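Visitor: A structural model of the following input is requested.
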Amino acid sequence: MNGPEFLPPLPPRSNPAVELAPWLKAGGRGAALAALEASGGFLLSESPTDGAVRVTFARAADDDAGEQAVILLLDTLTHLHRNRLRHFLLERIATDEGDLQAISLDLPRGLRCTAAFLLQERFDPSVAAERSSWAGVCSRTVELAGTGEVLRSAGGGRASVLTLPGASPSGFVELAGEDKTFVVPAEHAIDSAALGVRMRVWAGAPVAPGVPSPSEPHAVALLSDGDRLTSEVPVLGALAAAQATGALAPTLTLLFAPEDPSDRYEVLGMNPGLAAFIERELLPWAARSWELPSDPDRYLVTGASLGGLAAADVVRRAPDLVANALVQSGSFWWPSGDPDLAEGEQLRLWADAGPGLAGRVRLFHEVGSQEGHLRGINREFRALAAAAGVEVNAREYEGGHDFVCWRVGIIDALVQAFPGPLAAGLTRHGIFTRLSHQQEQA
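Guide: Now for the predicted structure:
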């Protein structure tokens, strides 16, 4: 099994005063800030680094003493280098109208991630000393300037969506606007006998213009981490937009999450009760309002990180219930909690079960270029499945362990799995490509 053999390099820094000079000379600090706001909080210029673009972030300094520190957080890049936060510290630039704080980095041209500022009275790297202290950072961040999409964490932090010019298009997200094109029923709770915990569930059916809410959906999407995908990083509006354009067939979206977030590990950590929860509790609840398909090929379960592990586990255990899975950055290092099962047991279970799943299961798989050791172990999973004869459609996106990236993957995988009448006419990048064992070996 692959260990932590890969750490993304620190992005090269350059002098932000040079990058901001055209605006500072033309109109001072005000002109520079106006340019930043008009472009979503960052400015682009050419980079000498192959495959990169120079990105300059800046803001007006809040203090006159010159002691305030501002750190740029780029998920997941900063997280993997959290013991080197000084590299992401903004510099002071003095102007006649007051100071600017700015940083210029050469970043991958295709990067998509969340970007935010962390403000400190004085630079204090101890916020990254322990995982427990780092976990609270996202509740204190502020977004970039401009009119781009702003995401709000459960803890109250705000972050902007950074999409650089080479990133795969996410037009359906842009069409979604404020995510008002889906009907989401009042929150429902299920005291799950299968899982032994109380679960929150949601259902989304499109009511976009020209797209009637289907009483008999063509397909059903099952999304873990529903608490985040209905609030912090909303996906339902984008799925409605995909259906409104004819790219996605009429699809009912069912989302689920434990009521107590601390139960996430129990629910998604290779729990044999998860498939039973879907079959005996979630789907019967949805069947009260919709005529659900009986064909397992019309069902797709998605999950990211630990949810990716769970999605792979569900289709392995229950291919006659759900025949499609989108596995995103799966936590295949995960120990099952059973003392008889070693770390990474899911890969060994797939090695045994894979040949029997050939022709019965279809996988969509993605992992980010900036994901550290997860990149290697996810490559191992997709190679193992392809070698077993399972259909694997895969891609690697430019980004990290980030729901902003995974949201695009959910939309793209569903459009590819359940194409609508106009899907063939779309020009899209970043499509999942079917793999063969020979390709993986190469």
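
Visitor: how about the helices of the stretch 301-442 of the chain, start to end?
Guide: 306-317, 345-357, 373-387, 403-417, 437-441 (DSSP state H, counting those that start in this stretch).

Visitor: Export the ones you listed as CSV, with columns for mean neighbour count, distance to residue 238 and mean pLDDT.
Guide: Using the backbone N, CA and C atoms, a C-beta is placed for each residue, glycine as well. Shown next, in CSV, are the helices of the stretch 301-442 of the chain (neighbours: other Cβ atoms under 10 Å; distance: least, Cβ to Cβ, whole Å; pLDDT from 0 to 100):
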stretch, mean neighbour count, distance to residue 238, mean pLDDT
helix 306-317, 25, 18, 98
helix 345-357, 16, 29, 95
helix 373-387, 21, 24, 94
helix 403-417, 25, 5, 96
helix 437-441, 13, 30, 52
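
Visitor: out of these, which comes closest to residue 22?
Guide: Closest approach to residue 22 among these is made by helix 403-417 (29.9 Å; Cβ to Cβ).

Visitor: other SSEs contacting whichever strand or helix holds residue 53?
Guide: Secondary structure assignment for residue 53, by DSSP states H and E: strand 52-60. With contacts taken as 3 or more Cβ pairs under 8 Å, 6 or more residues apart in numbering; DSSP states H and E, strand 52-60 sits against helix 16-38, strand 42-46, strand 100-108, strand 112-120.

Visitor: Would you mind putting those into JSON lines with mean neighbour count alongside?
Guide: What follows is these, written out as JSON lines (neighbours: other Cβ atoms under 10 Å):
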{"stretch": "helix 16-38", "mean neighbour count": "17"}
{"stretch": "strand 42-46", "mean neighbour count": "17"}
{"stretch": "strand 100-108", "mean neighbour count": "23"}
{"stretch": "strand 112-120", "mean neighbour count": "23"}
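
Visitor: Kindly reformat the ones you listed as a markdown table containing distance to residue 143 and mean pLDDT.
Guide: Below are the helices and strands packed on strand 52-60 laid out as a markdown table (distance: least, Cβ to Cβ, whole Å; pLDDT from 0 to 100):
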| stretch | distance to residue 143 | mean pLDDT |
| --- | --- | --- |
| helix 16-38 | 12 | 95 |
| strand 42-46 | 12 | 96 |
| strand 100-108 | 15 | 97 |
| strand 112-120 | 6 | 95 |
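
Visitor: right, so of those, which gets closest to residue 361?
Guide: Nearest to residue 361 among those is strand 112-120 (28.4 Å), distances taken as Cβ to Cβ.

Visitor: Report the strands that pair with that closest one, each with its relative direction.
Guide: strand 69-74 (antiparallel), strand 141-142 (antiparallel), strand 158-163 (antiparallel) (DSSP bridges).

Visitor: how big is the angle separating the first one from strand 42-46?
Guide: Going by axes from the mean of the first three to the mean of the last three Cα atoms, to 10 degrees, strand 69-74 is angled at 70 degrees with respect to strand 42-46.
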